[in-house]
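Chemist: 3D model of this:
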Amino acid sequence: MSKQIDLFAEENETATEKKEIPALTEKLLRYQHEYYILNKPSVSDREYDSLFDRLAFLEKKYPELADDNSPIKRVG
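Modeler: Next comes the predicted model:
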């Protein structure tokens, strides 16, 4: 039974992580727009970098879910 619980927890974590990818992508694109276009950032550089690093980790783990417009793939 313990293995069943572990498997369920693992599947739940995977589902949660997969849902995080589009949410982080949308959030980071909005933050980039605020910073570069509006010149009015709403988050600190540290917070942005933390979210960026999280998205990079998740896209590496689930490359099939990475968006073509991902902030991770943008240069400059």
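Chemist: Quickly note the distance from Tyr36 to Lys18.
Modeler: Counting by C-beta to C-beta, to the nearest Å, the separation of Tyr36 from Lys18 is 28 Å. All C-beta atoms are positioned from the backbone trio N, CA, C, and that covers glycine.
Chemist: The two: which has the busier surroundings?
Modeler: Neighbours per residue (other C-beta atoms under 10 Å) separate Tyr36 from Lys18, with Lys18 holding more: 14 against 10.
Chemist: chain center to the host helix or strand of that one: distance?
Modeler: Assigned by DSSP states H and E, Lys18 falls within helix 2-32. Helix 2-32 sits 9 Å away from the centroid of its parent chain (C-alpha atoms, centre = their mean, to the nearest Å).
Chemist: Against which helices or strands is that helix packed?
Modeler: helix 45-61 (3 or more C-beta pairs under 8 Å, 6 or more residues apart in numbering; DSSP states H and E).
Chemist: Export the helix it packs on to PDB, keeping only CA atoms.
Modeler: C-alpha atoms of helix 45-61 as PDB (Å, rounded to 0.1, in the frame of the first residue of the first chain):
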ATOM      1  CA  ASP A  45      14.900  41.100 -10.200                       C
ATOM      2  CA  ARG A  46      15.400  38.400  -7.500                       C
ATOM      3  CA  GLU A  47      11.800  37.300  -7.800                       C
ATOM      4  CA  TYR A  48      11.900  37.300 -11.600                       C
ATOM      5  CA  ASP A  49      15.100  35.300 -11.600                       C
ATOM      6  CA  SER A  50      13.600  32.800  -9.200                       C
ATOM      7  CA  LEU A  51      10.500  32.300 -11.400                       C
ATOM      8  CA  PHE A  52      12.700  32.100 -14.500                       C
ATOM      9  CA  ASP A  53      15.000  29.500 -13.000                       C
ATOM     10  CA  ARG A  54      11.900  27.400 -12.000                       C
ATOM     11  CA  LEU A  55      10.500  27.600 -15.500                       C
ATOM     12  CA  ALA A  56      13.900  26.600 -16.900                       C
ATOM     13  CA  PHE A  57      14.000  23.600 -14.600                       C
ATOM     14  CA  LEU A  58      10.500  22.500 -15.500                       C
ATOM     15  CA  GLU A  59      11.000  22.900 -19.200                       C
ATOM     16  CA  LYS A  60      14.200  20.800 -19.000                       C
ATOM     17  CA  LYS A  61      12.200  18.100 -17.100                       C
END
